[in-house]
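J.: Predicted model, plus sequence, below.
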Amino acid sequence: MGKVAREMVEKTGIDVDELVELLTKNAAAELSPYYYYTILRINLIGLQGEGIKEIAETARIEDRNHFEALIPRIYELGGKLPLDMKAFHDMAACPPAKLPKDPTDVQAILTVLVNAERCAVRGYTHICNLTAGKDHRTYDLALAILNEEIEHESWFSEFLGEGPSGHFLRRGETSPFVSKFLR
């Protein structure tokens with residue numbers, strides 16, 4: 001644990017225990033989609049599904065990266081991950097992105113994906129609002145993740161016909177905003 005890191009955040013008036021809880025719940029909400037997106041991606045088949053598979057894979061890998069990037073900050077602030085994986089899963093800030101009843105319904109899969117991303121956008125926006133101008137490291141990390149989650153949401157919402165977003169799929173590069181936290 002970084003004692004000075006925690007001390008400096010406490011001095012800004014942030015409830016560090018609450019912040020660590022939010023970060024841990026969001027870490028759980030990143031690891032579980034990595035698992036669920038694997039199942040969703042596998043079921044994106046056929047003419048309509050194949051076009052979405054690459055985007056789902058990018059979001060899946062980036063969610064894993066978000067999990068990896070959050071862990072050091074949780075421990076720097078004196079937190080830790082639960083020792084029980086089920087307890088960790090169940091504390092996630094977002095509901096599980098489970099396969100719909102009809103695994104061939106690509107629109108239903110897209111709805112699951114976009115709703116998962118929208119939940120993440122809300123969560124990281126909240127963390128950014130809580131830490132802005134107070135906890136620079138957590139803010140920078142949450143903002144980087146937020147940027148990627150917004151892109152994920154835009155990709156899936158376009159496939160749902162909600163209109164153009166101006167975002168494009170990244171080729172050959174994952175986690176452009178979060179990658180600096182993975183070094």
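T.: Good, I have the coordinates. Numbering: from 1, shown residues only.

J.: list the contacts for residue 146?
T.: 121, 124-125, 128 (CB atoms under 8 Å, 6 or more residues apart in numbering). Where you see a C-beta, it was placed from the backbone N, CA and C, and this is true even at glycine.

J.: how near is it to residue 139?
T.: Going from residue 146 to residue 139 by CB to CB, to the nearest Å gives 10 Å.

J.: what residues do these two have in common as contacts?
T.: residue 128.

J.: hang on, the earlier thing: between the contacts of residue 146, which sits nearest residue 97?
T.: Set against residue 97, the nearest of the contacts of residue 146 by CB to CB is residue 121 (14.0 Å).

J.: how many other residues sit next to that closest one?
T.: Using other CB atoms under 10 Å, residue 121 is surrounded by 18 other residues.

J.: And for residue 96?
T.: Neighbours of residue 96 (other CB under 10 Å): 15.

J.: Tell me the buried residues in stretch 120-132?
T.: The neighbour-count check on stretch 120-132 (16 or more other CB atoms under 10 Å) flags 120-121, 123-124, 127-128, 130-131 as buried.

J.: same question, stretch 47-61
T.: Buried residues in stretch 47-61, counted by 16+ other CB under 10 Å: 49, 52, 55-56, 58-60.

J.: Please state the offset of the biggest helix by length in the chain from the chain centre?
T.: Of all segments of type helix in the chain, defined using DSSP state H, the longest is helix 46-76. Remark: helix 46-76 is offset 7 Å from the chain centroid, using CA atoms, centre = their mean, to the nearest Å.

J.: Quick one: mean pLDDT over that helix.
T.: Per-residue pLDDT values across helix 46-76 average out to 94.

J.: can you list contacts of the next helix-or-strand element following that helix?
T.: Sequence-wise, the next helix or strand downstream of helix 46-76 (DSSP states H and E) is helix 85-90. Under the contact criterion CB under 8 Å, 6+ apart, helix 85-90 has outside partners 28, 31-32, 81-82, 96.
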